[in-house]
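**Student:** Okay, predicted coordinates and the sequence, questions at the end:
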Amino acid sequence: MLASFLLSLREGIEAALIISIVLGALRKMRRTELIPSVWYGALSAILVSLAGGISLTALGLSLEGAAEQIFEGVAMVLAAGVLTWMIFWMSRQARHIKGELEGGVHKAVFEGGKRGLFALAFLAVVREGVELALFLTAATFASGTQSSVIGALIGLGTAALLAWGLFASTLRLNLRQFFQVTGFLLILFAAGLVAHGIHEFNEAGIVPAVIEHVWDVNPVLDENGGFGATLNTLFGYNGNPSLTEVLAYIAYFVAISFGLRLSGRRAGATAQPQV
């Protein structure tokens, strides 16, 4: 439930920021009559994302045997990939997203009017919604439908309250720190999804286990009960993993560490003054 809550909170905050920037740009332009088009676009994006998430989950739950394992494995690995991309994209674009959105609003107003603003809001919000729907689908397979839905509802509700507080009162949230902390935790969740996905592929016979159980610490910390089950849901803990699960988990962290270091170097080079 914590993983669903955290990602729903993060995606909800991002969507709220996007909508607030668009609405703020319209107010600056004194084109408030176009504001309903923004809300229609955002609402349509939410409905499309919801329908997509329900369809994916229903499809996965309707499958059986190897087909179910393959589908769940693909969903988990794909969700981990999208989640990782989202973290890198946000770290690179956070400084420029406001200017890009305001520029998009000006272009949409003068070239497309209501339709242009509808499309702008729809595309901006549907990206967040599709990411969330894909992750919640994978989380449902890993931890169950009820806990995922409850976590998502609490996360989105909290995001709505925070967004209202940010823009309607004196509440202040350090968004940079917020995205850094949630980004770190979501990397751990993504690694767990990779491990879960490889486990499903092992069971389906697509990816060989090589060594079925590298170790077995379930007698000490059972993956199916208590604290072990919580670790399993959040971080992909497996008390008796296969060799390919362990290698995939390590490979993910090696890749993410390399990517973060490379991204940091590029950001540093961009920030240097031009001579």
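**Tutor:** Received the coordinates, thanks.
**Student:** can you give me the helices in the chain?
**Tutor:** 2-28, 35-62, 65-93, 97-111, 113-143, 145-168, 175-204, 226-235, 243-271 (DSSP state H).
**Student:** possible to save these as a markdown table with mean pLDDT, mean neighbour count and distance to Glu212?
**Tutor:** To be clear about C-beta, it is placed using only N, CA and C from the backbone, and glycine gets the same treatment. Listed next are these as a markdown table, based on pLDDT from 0 to 100; neighbours: other C-beta atoms under 10 Å; distance: least, C-beta to C-beta, whole Å:
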| stretch | mean pLDDT | mean neighbour count | distance to Glu212 |
| --- | --- | --- | --- |
| helix 2-28 | 81 | 21 | 27 |
| helix 35-62 | 88 | 17 | 25 |
| helix 65-93 | 83 | 19 | 16 |
| helix 97-111 | 76 | 16 | 46 |
| helix 113-143 | 82 | 22 | 21 |
| helix 145-168 | 79 | 16 | 29 |
| helix 175-204 | 83 | 20 | 8 |
| helix 226-235 | 77 | 17 | 18 |
| helix 243-271 | 80 | 14 | 8 |
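**Student:** For Val214, find the nearest of those helices.
**Tutor:** helix 243-271 (5.4 Å; C-beta to C-beta).
**Student:** What is the neighbour count of Asp222?
**Tutor:** Asp222 has 14 neighbouring residues, counting by other C-beta atoms under 10 Å.
**Student:** contacting residues for it?
**Tutor:** Gly228, Ala229, Gly239 (C-beta atoms under 8 Å, 6 or more residues apart in numbering).
**Student:** cool, and Met29?
**Tutor:** Val105, His106, Val109.
**Student:** picking up where we left off before, can I get the contacts of Asp222 in CSV with distance to Ile206?
**Tutor:** Shown next, in CSV, are the contacts of Asp222 (distance: C-beta to C-beta, whole Å):
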residue, distance to Ile206
Gly228, 26
Ala229, 26
Gly239, 23
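**Student:** if we can go back for a sec, could you export the helices of the chain as CSV, including distance to Val220?
**Tutor:** Output for these, formatted as CSV (distance: least, C-beta to C-beta, whole Å):
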stretch, distance to Val220
helix 2-28, 23
helix 35-62, 32
helix 65-93, 26
helix 97-111, 46
helix 113-143, 22
helix 145-168, 25
helix 175-204, 19
helix 226-235, 9
helix 243-271, 17
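**Student:** mind checking which of those is nearest His213?
**Tutor:** Set against His213 and scored by C-beta to C-beta, the helices of the chain come closest in helix 243-271, at 8.9 Å.
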